[in-house]
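>>> Fold the following for me, if possible:
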Amino acid sequence: GRLIVSDNGNDRIQVLDTDGTFVAYIGLHHQEGGKGYIQELASPGGIALSMDGKAVAVADTGNNRIRIYSSNSGRSLQCFGMKGRANGQLEKPLDVSWDTQGHLLVLDEGRVQVFTETGEFLRSQK
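Numbering: from 1, shown residues only. Take a look at the predicted model:
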C-alpha cells in the first residue's frame, strides 16, 4: 500500500510507501531542461481516492479549483473550477470526497457542491 499526503505548505501532494519512504510527487513536474519545477497546486487541501482506486481528487484551495490525477502515474486527468460564489464556482475549496455514483462532493465557503467527474455542476447544499 501507499500513503497519499497533502503537503499544503509546499504546494504539492506526496506519495509515500507505508514505511514513510518517498515515492513520488503529484502536482509538481520538472521543467524542460531540468531547471526547477512547475507547481500546479497552490495550498492543496483535502484529497480523496476514487471508489475504483484509479483517481485522486485534490481540493486545490489556493487556485479555487479541483484537480484529478491518476493514482498510478500522477498524470493530470481533469481540472475544473473558477473563483466565485455562484453555483458551480469555487471559493477556496477545502475538501473533496467521492460518492458511490462517482460524483465529487466539494466543501467550500459554507456549502457542499456536487460535480460530475468532468466538472459539470449538479447541485449545491448550504
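>>> Pull the distance from the helix or strand bottoming out on mean pLDDT in the chain to the chain's centre.
When the helices and strands of the chain are scored by mean pLDDT, DSSP states H and E, strand 28-30 comes last with a mean of 83. In terms of CA atoms, centre = their mean, to the nearest Å, the centre of strand 28-30 is found 16 Å from the chain centre.
>>> what distance separates stretch 52-68 from the centre of its chain?
With CA atoms, centre = their mean as the basis, the mean position of stretch 52-68 lies at 2 Å from the chain mean.
>>> same thing with stretch 111-120?
13 Å.
>>> Can you name the residues in contact with that stretch?
55, 66, 68, 78-81, 87-88, 90, 99, 102-106, 121-126 (CB atoms under 8 Å, 6 or more residues apart in numbering). Yep, even glycine has a C-beta here, placed from its N, CA and C like the rest.
>>> Can you flag the buried ones in those?
Among the contacts of stretch 111-120, those buried by neighbour count (16 or more other CB atoms under 10 Å) are 55, 66, 68, 80, 81, 88, 90, 103, 104, 105, 106, 121.
>>> Do I have it right that the fourth one meets residue 64?
Read it as residue 80. No. The criterion here is CB atoms under 8 Å, and residue 80 misses it with residue 64 at 10.4 Å.
>>> count of neighbours near residue 44?
26 (other CB atoms under 10 Å).
>>> so what's it up against?
Counting by CB under 8 Å, 6+ apart, residue 44 touches 6, 7, 8, 11, 12, 13, 27, 58, 59, 60, 61, 62.
>>> can you rerun that using 7 Å?
Contacts for residue 44 (CB atoms under 7 Å, 6 or more residues apart in numbering) come out as 6, 8, 11, 13, 27, 58, 59, 60, 61.
>>> Thanks a lot, catch you later.
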